[in-house]
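Peer 1: Pasted the sequence and its predicted model underneath.
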Amino acid sequence: MLSLKTIICISLLTIVLCIPLTNGDFVEKSTIHQFVITEVSPSEFYPSDVKTINITLQNIQEYPVYNISFKIDPSEAEPIKFIDELMKHYNGGLYPGEKYTIQYKIYIEDTLEKGVYYVPLTVMWSTLSYGVVTLVQEDLYIGIEVVEYPEDLKLDITDIIAPTNIKAGDTFIVKIKLKNIGKKKVDSIKAKLELPPGFASIGSDTEEYVESLEPNSSAETVFNIQVDKQAISQLYNFDFILEYRGENNRLITKNSSFGIMVDENPPVYIQDIILEPTMLTPGTEGLLMIQIVNAGTNKIKNVKISIYGGENLLLQSHNFIGEISPGNSETTSFGVYVNPEKIKIPEKIKKYGLNIQISYDDIIGNSYTKSKIYTLSVIKEESLIPISGNFIMILVGVFIFIIISYVIF
């Protein structure tokens with residue numbers, strides 16, 4: 001029976017023999033073709049394309065290979081752009097006649113000229129699946145064809161004319177100008193404006209069609225738009241999609257976008273002003289109550305009421321309310337004290353014009369101010385029985401008559 005020590009030694013030896021050990025100091029150049037590229041799909045590309053390319057290789061020798069690596073050198077791939085992992089691995093074995101497909105994502109610049117571009121693909125492998133192995137390397141070439149000159153078909157968005165700020169319920173026009181800056185006529189042009197929620201086209205569609213554009217000629221698409229009266233105040237994004245046909249009926253798409261801000265001047269107003277008591281005289285104490293309403297669709301913030309012109313009448317000139325939700329109202333009170341030492345009434349009544357000012361912010365931070373003039377009257381204190389000069393003379397006469405009558409009689 002084997003000892004535990006012997007079993008451990010045999011196990012370690014087995015593991016070592018099964019692990020392929022690479023001689024990293026040396027990569028042997030293959031003297032024969034181990035692989036061929038049997039298929040590249042797709043093989044044709046257009047300027048501005050971003051696509052995944054599938055490359056299929058086949059082992060054409062009569063023995064298997066193992067631990068295969070595939071590498072793209074970006075400097076040697078120019079002007080084709082590879083935009084994902086450049087080194088790929090296959091840890092299994094590839095037997096005679098078997099195929100294996102790798103994928104890369106590539107980008108074709110929009111200025112790349114028509115033609116065939118060859119990109120080197122370095123393949124490395126070993127002929128043993130375990131033990132000390134030597135890597136073998138071979139360079140293959142991928143053919144990528146750009147099938148259209150970039151300057152032949154080129155439609156550009158030269159200008160977007162749209163308001164930057166509107167109000168809820170507004171109707172406005174968006175004009176987008178197109179120009180053929182290529183060398184060939186462009187056919188079947190479709191211009192589509194995608195509207196955000198709360199916006200709708202009026203009297204026109206959101207898709208406009210241009211039959212064709214000759215080189216260096218322009219066209220203008222017009223869209224009539226209305227925003228909902230209940231639209232929330234914020235920045236809305238509009239996407240413009242331009243589609244036209246290239247060679248071989250190929251669909252070419254170009255996107256652009258712009259933003260429009262829906263502003264809201266919230267309809268905030270003073271609903272009621274109540275003065276208690278209703279009649280003021282020097283020395284009177286009371287309250288001036290002001291109710292304000294937010295009739296807008298968004299809450300308002302930092303609401304403050306200030307009253308100017310109430311010196312010697314009001315105990316404070318500013319009250320802070322805070323937030324008011326849409327459709328709600330808030331009431332605030334100002335203490336009233338008619339200071340008899342400061343308020344002099346030369347006649348029967350004196351009127352004071354109070355400037356009531358509401359200041360607030362909307363939900364995006366825009367500040368607003370609204371004012372209203374309120375007239376407050378202070379009347380002069382009179383005797384309980386009003387006495388005129390003639391009445392006094394009559395009283396004096398009556399008094400003298402009574403005295404004379406008393407003396408005589």
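Peer 2: Structure's in. What do you need?

Peer 1: the helices in the stretch 301-409 of the chain, which residues?
Peer 2: 389-408 (DSSP state H, counting those that start in this stretch).

Peer 1: in it, which segments are predicted with low confidence?
Peer 2: Applying pLDDT under 70 to the stretch 301-409 of the chain picks out residues 346, 382-399, 401, 405-409.

Peer 1: The same query, at a cut-off of 50, please.
Peer 2: The stretch 301-409 of the chain contains residues with pLDDT under 50 at 383-388.

Peer 1: For Gly92, grab phi and psi.
Peer 2: As for Gly92, its main-chain torsions (degrees, to the nearest 10) stand at phi -90, psi -170.

Peer 1: how many neighbours does it have?
Peer 2: Here the number of neighbours of Gly92 (other CB atoms under 10 Å) works out to 13. Using the backbone N, CA and C atoms, a C-beta is placed for each residue, glycine as well.

Peer 1: which residues does Thr56 bridge with?
Peer 2: Glu39, Thr101 (DSSP bridges).

Peer 1: what sits against it?
Peer 2: 37-41, 99-101 (CB atoms under 8 Å, 6 or more residues apart in numbering).

Peer 1: Of those, just say which sits nearest to Thr206.
Peer 2: Using CB to CB, the shortest approach to Thr206 within those belongs to Ser41, at 36.9 Å.

Peer 1: Show the pLDDT at the closest residue in space to that closest one that isn't next to it in sequence.
Peer 2: Ranked by CB to CB, 6 or more residues apart in numbering and with sequence neighbours excluded, the top spatial neighbour of Ser41 is Asn54, at 4.8 Å. pLDDT, Asn54: 95.

Peer 1: how about Asn54, what does it touch?
Peer 2: So Asn54 contacts 39-41, 101-103 (CB under 8 Å, 6+ apart).

Peer 1: Now the buried members of those.
Peer 2: Buried members of the contacts of Asn54, counted by 16 or more other CB atoms under 10 Å: 40, 102.

Peer 1: gap between Leu128 and Val136?
Peer 2: Per CB to CB, to the nearest Å, Leu128 is found 11 Å from Val136.

Peer 1: Which one's more surrounded, the two?
Peer 2: Just comparing Leu128 and Val136: by other CB under 10 Å the higher neighbour count belongs to Val136, 18 against 14.

Peer 1: Could you grab the helix/strand/coil label for the more buried one?
Peer 2: Here Val136 is strand, with the state taken from DSSP: H, G, I helix; E, B strand; the rest coil.

Peer 1: quick one: pLDDT of it?
Peer 2: Predicted confidence (pLDDT) for Val136: 91.

Peer 1: That one is in contact with Trp125, isn't it?
Peer 2: Yes - between Val136 and Trp125 there is a contact under CB atoms under 8 Å: 5.7 Å.

Peer 1: Now for these two: what residues contact both?
Peer 2: With CB under 8 Å, 6+ apart, Val136 and Trp125 have common neighbours 34, 65.

Peer 1: Pull the number of nearby residues for Lys299.
Peer 2: That count, for Lys299 with other CB under 10 Å as the rule, works out to 18.

Peer 1: Hmm, it is touching Glu323, no?
Peer 2: Yes - at 5.6 Å, Lys299 counts as touching Glu323 under the criterion of CB under 8 Å.

Peer 1: Can you give me the first-to-last residue distance of stretch 359-373?
Peer 2: Using CA to CA, to the nearest Å, the end-to-end distance of stretch 359-373 comes to 15 Å.

Peer 1: what comes into contact with that stretch?
Peer 2: Contact with stretch 359-373 is made by 233-234, 263-266, 268-270, 298-304, 306, 324, 353-358, as judged by CB under 8 Å, 6+ apart.

Peer 1: Now, of these, which are buried?
Peer 2: Buried subset of the contacts of stretch 359-373 (neighbour count, 16+ other CB under 10 Å): 233, 264, 266, 268, 270, 298-300, 303, 306, 324, 354, 356, 358.

Peer 1: What is the most widely separated pair among the residues you listed?
Peer 2: Ser233 and Leu354 (31.2 Å).

Peer 1: Can you pull the domain assignment for the chain?
Peer 2: 20-146, 155-263, 268-379 (automatic domain parsing).

Peer 1: can I get the ones you listed in CSV with distance to Ile402?
Peer 2: Output for the domains of the chain, formatted as CSV (distance: least, CB to CB, whole Å):
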stretch, distance to Ile402
domain 20-146, 120
domain 155-263, 82
domain 268-379, 34
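
Peer 1: of all those, which lies closest to Ile403?
Peer 2: Going by CB to CB, the one of those nearest Ile403 is domain 268-379, 35.9 Å.

Peer 1: By mean pLDDT, flag the weakest helix or strand of the chain.
Peer 2: When the helices and strands of the chain are scored by mean pLDDT, DSSP states H and E, helix 4-18 comes last with a mean of 49.

Peer 1: all strands in the stretch 251-400 of the chain, in order from the N-terminus.
Peer 2: 251-263, 268-276, 285-294, 300-308, 318-324, 329-337, 349-361, 367-379 (DSSP state E, counting those that start in this stretch).

Peer 1: Rebuild those strands as TSV, extending it with distance to Asp205.
Peer 2: Formatted as TSV, those follow (distance: least, CB to CB, whole Å):
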stretch	distance to Asp205
strand 251-263	19
strand 268-276	38
strand 285-294	38
strand 300-308	38
strand 318-324	41
strand 329-337	43
strand 349-361	39
strand 367-379	37
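
Peer 1: Out of the ones you listed, the one nearest Ile241 is which?
Peer 2: Across the strands of the stretch 251-400 of the chain, closest to Ile241 is strand 251-263 (CB to CB), at 5.7 Å.
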